[in-house]
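Based on what follows, work out the 3D shape:
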Amino acid sequence: MLVGPGQTILDAMLEAGLDPLYDCRRGECGICQTTVVEGRVEHRDYCLSEEEKRSGRVMQICVSRAC
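Take a look at the predicted model:
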């Protein structure tokens with residue numbers, strides 16, 4: 001699966017016919033949280049603490065992106 005520039009992982013998964021777990025699509029509920037295997041994240045969510053964002057270990061696939 002390829003995630004395009006400016007595209008969320010959630011949108012790429014839906015386009016690929018996958019059925020990921022999500023709800024709000026605004027980064028508020030945390031349902032779509034996933035583990036980051038490698039790389040850096042541009043966090044655009046509202047549910048992670050600043051410490052969680054700094055750790056770079058999790059992200060919300062509905063709004064956050066790789067940077």
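
Could I get the full set of helices for this protein?
9-15, 50-55 (DSSP state H).

Residue 35: which of the ones you listed is closest?
With respect to residue 35, and counting by Cβ to Cβ, the nearest of the helices of the chain is helix 50-55 at 11.1 Å. Glycine gets a C-beta too; all of them are placed from N, C-alpha and C.

Residues touching the closest one, excluding its own?
With contact meaning Cβ atoms under 8 Å, 6 or more residues apart in numbering, helix 50-55 is reached by 41, 43, 58.

how far away is the first one from residue 18?
Relative to residue 18, residue 41 is positioned 20 Å away (Cβ to Cβ, to the nearest Å).

In terms of neighbours, single out the busier of these two.
Set residue 41 next to residue 18 and count neighbours by other Cβ atoms under 10 Å: residue 41 wins out with 19 against 10.

okay, now the closest residue to that one other than its chain neighbours: neighbour count?
Closest residue to residue 41 apart from its sequence neighbours, by Cβ to Cβ, 6 or more residues apart in numbering: residue 59 at 4.7 Å. Look at residue 59: counted by other Cβ under 10 Å, it has 26 neighbours.

List the beta-bridge partners for residue 59.
Here residue 59 sits in beta bridges with residue 34, going by DSSP bridges.

pLDDT added to the contacts of helix 50-55, as JSON lines?
Formatted as JSON lines, the contacts of helix 50-55 follow (pLDDT from 0 to 100):
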{"residue": "41", "pLDDT": "93"}
{"residue": "43", "pLDDT": "96"}
{"residue": "58", "pLDDT": "97"}
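
Quick check: the residue of the chain most remote from its centre vs residue 58, distance?
Largest separation from the mean C-alpha position in the chain: residue 17, at 17.3 Å (Cα atoms, centre = their mean). Note on residue 17: its distance to residue 58, by Cβ to Cβ, is 25 Å.
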